[in-house]
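Peer 1: Take this sequence and fold it.
(one chain, ligands or ions: 1)
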Amino acid sequence: MDLKDKIAIVTGGSRGIGKKTVEILSELGARVYFTYNKSNEEADKISDNTGAVAIRCCQTDRSSIMDIVNSIFEKEKRIDILVNNAGITDDQFFAIAEMDRWQEVLDVNLDGTVYWSKSVCKPMIQAGGGSIINVASVSGLVGIPGQTNYSTSKGAILAFTRSLAAELASKKVKVNSVVPGFIETDMTGKMPRDIKRQNLGKIALKRFGKPEEVAKVIAFLASDDSSYIVGQTIVVDGGLTATAVF
Ligand code: NAP
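Peer 2: Numbers count the residues shown, from 1 in each chain. Predicted coordinates:
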């Protein structure tokens with residue numbers, strides 16, 4: 001795969017899957033801009049190690065998202081790749097859920113993805129094409145107790161991906177989703193040990209995935225090697241959804 005001189009934006013690049021994506025896209029030759037929200041020190045370290053540009057921007061800050069995209073486009077004259085990776089969980093049983101917390105998951109995961117995508121659409125079309133990769137979750141495919149907010153956000157991202165792909169394919173902008181299963185990051189690190197053990201038992205490969213196993217698929221979808229893949233949901237879950245019953 002070659003991403004030489006491609007201009008890429010990765011949201012939530014300071015930790016986990018996003019961090020690995022920044023590293024791999026940079027190794028493949030892309031000039032990468034990535035966002036973070038709270039992890040300043042981690043973001044600085046990644047910048048020092050990869051040359052990628054770290055930008056503090058919360059997913060819910062719509063006007064900053066638009067300003068950042070405009071300033072990157074002004075400087076680089078193109079934006080080739082957008083990886084909508086930033087995301088949070090805040091599990092609660094729906095019957096007793098606090099709706100402000102419920103809504104925050106939707107705002108960060110879904111609305112953030114929508115506004116970053118909206119901001120890059122015109123620049124990508126003007127520059128003759130691009131690739132948008134949305135990071136969803138198996139929680140958008142199957143029901144997981146406690147995750148109505150997260151599942152709603154990720155299921156909507158899958159639907160958004162397909163419709164946006166249908167709109168943008170003729171403009172040479174590919175839109176696809178990657179669906180990770182359980183991956184070893186801070187997000188799964190906070191899972192109670194017994195739940196982790198139960199989930200492990202449901203995965204065909206009997207292990208959690210590594211961030212690079214998702215990031216490499218993202219890199220493939222970002223590259224011209226995936227030129228005929230449009231509107232797809234690529235599941236990277238060690239066989240979890242193909243073989244398990246929740
Ligand atoms: P993670 O380790 O918790 O990292 C999350 C990243 O998102 C961090 O860089 C964080 O930045 C950023 N972020 C969070 N809230 C933000 C906000 N309001 N504004 C901007 N950035 C924000 O998560 P991960 O496991 O790598 O997950 C990455 C993506 O994969 C998410 O969309 C997640 O839903 C999805 N996913 C993960 C798994 C899994 O098992 N890990 C499974 C399925 C799907 P700061 O640290 O700076 O706040």
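
Peer 1: Now the biggest strand by length in the chain - C-alpha only, CSV.
Peer 2: For the chain, the longest strand by residue count, based on DSSP state E, is strand 173-180. What follows is strand 173-180, C-alpha atoms only, in CSV (Å, rounded to 0.1, in the frame of the first residue of the first chain):
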residue,chain,number,x,y,z
VAL,A,173,-15.2,9.7,-3.1
LYS,A,174,-15.4,6.2,-1.5
VAL,A,175,-17.2,5.8,1.8
ASN,A,176,-16.8,2.6,3.9
SER,A,177,-17.1,1.5,7.5
VAL,A,178,-14.8,-0.7,9.6
VAL,A,179,-16.5,-2.6,12.4
PRO,A,180,-14.1,-3.6,15.1
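
Peer 1: helices or strands up against that strand?
Peer 2: Other elements packing on strand 173-180 under the criterion 3 or more CB pairs under 8 Å, 6 or more residues apart in numbering; DSSP states H and E are helix 112-126, strand 130-135, helix 148-168, helix 211-222, strand 233-236. No exception for glycine: its C-beta is placed from N, CA and C like everyone else's.

Peer 1: what's the average pLDDT for it?
Peer 2: Averaging pLDDT along strand 173-180 gives 98.

Peer 1: any idea how far the closest residue to residue 181 other than its chain neighbours lies from residue 195?
Peer 2: Using CB to CB, 6 or more residues apart in numbering and skipping the chain neighbours, the partner closest in space to residue 181 is residue 237 (2.6 Å). Distance of residue 237 to residue 195, given as CB to CB, to the nearest Å: 16 Å.

Peer 1: which one of those two has more residues nearby?
Peer 2: residue 237 (25 against 12; other CB atoms under 10 Å).

Peer 1: So for the more buried one, what's the pLDDT?
Peer 2: pLDDT at residue 237 comes out at 98.
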